[in-house]
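1. structure of the sequence below:
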Amino acid sequence: QVQLVESGGGLVQAGGSLRLSCAASGLTSSSYPMGWFRQAPGKEREFVAAITWTGTIRDYKDSVKGRFTISRDNAKNTVYLQMNSVTPEDTAVYYCAVRTRSRAIFRLVNEYDYWGQGTQVTVSS
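-> Numbering: from 1, shown residues only. Model (predicted):
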């Protein structure tokens, strides 16, 4: 049974930093791409960042490029999202997801197979 557990969310002031973690268990391999998504109140879930299993390819939503960094530690089955220079527009529930059907990374929600329960990030102005 695949489980993804996010942690690291919280309340932060604008301009501050947070580091989110997502620990995966139950996967038959670490050779899967993983992604971070977010969902603000009243909005659809949206892509934030994704990383291939080797970490050599990373993709970001335009508005977070240069501020957020996705990384992974396959030995720990954990993916991270370092969030710097956050703004109130980054306030949302952040979800990690894993795509097990292939090794390509995608931005679409329905291209991912398993999801965590989410962690709340609130940025105050």
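
2. look up how far Phe106 lies from Val86.
-> 25 Å (Cβ to Cβ, to the nearest Å). In this view, the C-beta of every residue, glycine as well, is placed from N, C-alpha and C.

3. more neighbours: these two, which one.
-> The neighbour comparison of Val86 against Phe106 (other Cβ atoms under 10 Å) goes to Val86, with 22 against 16.

4. grab the nearest non-local neighbour of that one.
-> Val123 (4.7 Å; Cβ to Cβ, 6 or more residues apart in numbering).

5. before we move on, what about Gly26?
-> Using Cβ to Cβ, 6+ apart, the closest residue to Gly26 is Val2 (4.2 Å).

6. for that neighbour, the count of nearby residues, please.
-> 14.

7. check the one 4 residues further on too.
-> Here the neighbour count serves as a burial measure; for Glu6 (other Cβ under 10 Å) it reads 22.

8. which strand residues bridge it?
-> With DSSP bridges applied, Glu6 shows beta-bridge pairing to Cys22.

9. so who does it touch?
-> Applying Cβ atoms under 8 Å, 6 or more residues apart in numbering, one finds that Glu6 lies in contact with 20-22, 94-96, 116-119.

10. the residue nearest to the spatial centre of the chain and Cys22, how far apart?
-> With distances taken as Cα atoms, centre = their mean, the residue of the chain nearest its centroid is Trp36 (2.1 Å). Per Cβ to Cβ, Trp36 is found 8 Å from Cys22.

11. all set, thanks.
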